[in-house]
Structures are given as C-alpha cells and as structure tokens.
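Visitor: take this sequence and fold it.
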Amino acid sequence: MRAEVIVSPAEFGCHDLTGKTAVVIDVFRFTTTVLTALEAGVERFYPVAEIEDAWALKKSHPNYLLAGERQSLKIEGFDFGNSPLEHYGKCHSGGALVCSTTNGTRAIHGARGSQEIVLACLRSAKAVARYVREQGRDVVFLPAGLRGTFSLEDTWCAGLLLSYLQPRELGDGAKTAQLIFEGIPRNELRASAHGQRLQSLALHDDLEFCLDLNTSSGVIVWDQESGWGALER
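Guide: Next comes the predicted model:
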C-alpha cells in the first residue's frame, strides 16, 4: 500500500485519485458530527458546498433536515448546526441530513474520482484504518483544512491513521503528516487555529468531544454517484 496526504485543500485537484481510497478528515467538526448523527439514528447524509443548494433540496423534499455552519456558527433557518453534541445521546428515527459546511463538505467533493470515499475523525480513526487496510488499495488522505488552508488537527489525524496502517510507501505529504503526528501531542491540537476559533465561541465541549480518540467503530462511506453517504454496514 502506498499512502499520500494532500496537506492543503488548494492541492486537491493536483493529485490523481483514480483507483485509490480517499479518506476525508475534518476533525473540527464535520466528520465528527456526521459520524455522531449517523450513530444516533440518522439514516444518510448529503453534502453540498453552498447554502443555496441545501435550501433547493429542502424545497424539493420538505422532509429533509438541514445541517451546517459558516464561520463555525449555525446557518440561520437550518435544523442543526455543525455540533456533534446536537446528536450525541439522542435517538433519531432515521431521516436524511443535507449538510453544508465551510470546509468538510467541500473536501468530500474534492475527493471525487477516487475508487471509494471514506470519512474519518479522531473518534473513528482505528476503525477507519482497519477498513482501509481491508480494501487493500493505495490511499490518499484529504484533510479538509480551514478555509482552504492547512489545518493542524486534520493533518495530525492523517498521521495517526498512518501509524495504524503502516503503509509500505509514503509520499512527501504522508511523511509530513507522520512527523506532525509524532512531534505534537494530541492535547496541543486545542491550540490550532481552528481549535482557538471554537474556544473563542465558547464551544469547549465540542472541542473536547472531537478530540476523543477511538471511541467509535463506525465507518462512513460516501457514494459519489448518488451523492449520499451512510455508515458502512
């Protein structure tokens, strides 16, 4: 297995993803939130880049629920923001979630063209690594970043996944993620740019929840043809 990490969202279009497993990571908070919502009973989710796209889907399908944020704040009129704690401990009776976030939903669409697209976060890291290893393909990690730039926590998570996978070959981005993971303790991710943003909004509980490690066995797979994602069964 060969592994690469695309350390900046601006470079998503510069890599050939054909035949590879793409792993999208948005620790603070999209991939963590979607995992929590699905584990709480939401059946599936549909990521869109723009708020207008979410409203258009809602107009055609009034039963769809809308979730998302801009600048870490809930979008006005949406059913949910982008907090995993809106779903943790809840029991949703199915339903479809249409999501639009600043970073994560765009990163998912940036993974188009790969053989399979998987979502990962710190809470599901070991489960995702196990799943990726079972598929046996080369893997490319896509940290969602922060408004189109590098993000420490997402790249650190990619390095964590690499430590579980132990791939035969590493690209330069993967080597960088590995060094970041080995050199920076997890608790220092609170001081990342995105971590500081959450703290400035008093979202301390969200931050701590997202930093929990390997508490979930859930693996999310997104089908790029239908546009829907769900837990792998």
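Visitor: just the strands in this protein please.
Guide: Residue ranges of the strands in the chain, as given by DSSP state E, are 2-5, 21-25, 44-47, 65-70, 73-74, 96-100, 116-120, 139-143, 169-170, 220-222, 229-231.
Visitor: can I get those in CSV with distance to residue 83?
Guide: Heads up, the C-betas are built off the backbone N, CA and C, glycines and all. Formatted as CSV, the strands of the chain follow (distance: least, Cβ to Cβ, whole Å):
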stretch, distance to residue 83
strand 2-5, 27
strand 21-25, 18
strand 44-47, 15
strand 65-70, 8
strand 73-74, 8
strand 96-100, 12
strand 116-120, 17
strand 139-143, 20
strand 169-170, 34
strand 220-222, 17
strand 229-231, 19
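Visitor: ok, which of those strands comes nearest residue 210?
Guide: strand 21-25 (11.4 Å; Cβ to Cβ).
Visitor: centroid-nearest residue for this structure?
Guide: residue 31 (3.1 Å; Cα atoms, centre = their mean).
Visitor: that one touches residue 24, doesn't it?
Guide: Yes. Judged on Cβ atoms under 8 Å, residue 31 makes contact with residue 24 at a distance of 6.6 Å.
Visitor: which neighbours do those two have in common?
Guide: 104, 119-120, 144 (Cβ atoms under 8 Å, 6 or more residues apart in numbering).
Visitor: now these in TSV, with pLDDT and distance to residue 90?
Guide: Converted to TSV, the shared contacts of residue 31 and residue 24 look like this (pLDDT from 0 to 100; distance: Cβ to Cβ, whole Å):
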residue	pLDDT	distance to residue 90
104	93	20
119	98	20
120	98	22
144	95	24
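Visitor: returning to that earlier point: can you add distance to residue 193 and mean neighbour count and give the strands of the chain back as JSON lines?
Guide: Output for the strands of the chain, formatted as JSON lines (distance: least, Cβ to Cβ, whole Å; neighbours: other Cβ atoms under 10 Å):
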{"stretch": "strand 2-5", "distance to residue 193": "18", "mean neighbour count": "23"}
{"stretch": "strand 21-25", "distance to residue 193": "16", "mean neighbour count": "28"}
{"stretch": "strand 44-47", "distance to residue 193": "23", "mean neighbour count": "22"}
{"stretch": "strand 65-70", "distance to residue 193": "16", "mean neighbour count": "21"}
{"stretch": "strand 73-74", "distance to residue 193": "16", "mean neighbour count": "14"}
{"stretch": "strand 96-100", "distance to residue 193": "21", "mean neighbour count": "23"}
{"stretch": "strand 116-120", "distance to residue 193": "20", "mean neighbour count": "26"}
{"stretch": "strand 139-143", "distance to residue 193": "13", "mean neighbour count": "28"}
{"stretch": "strand 169-170", "distance to residue 193": "26", "mean neighbour count": "14"}
{"stretch": "strand 220-222", "distance to residue 193": "25", "mean neighbour count": "21"}
{"stretch": "strand 229-231", "distance to residue 193": "27", "mean neighbour count": "19"}
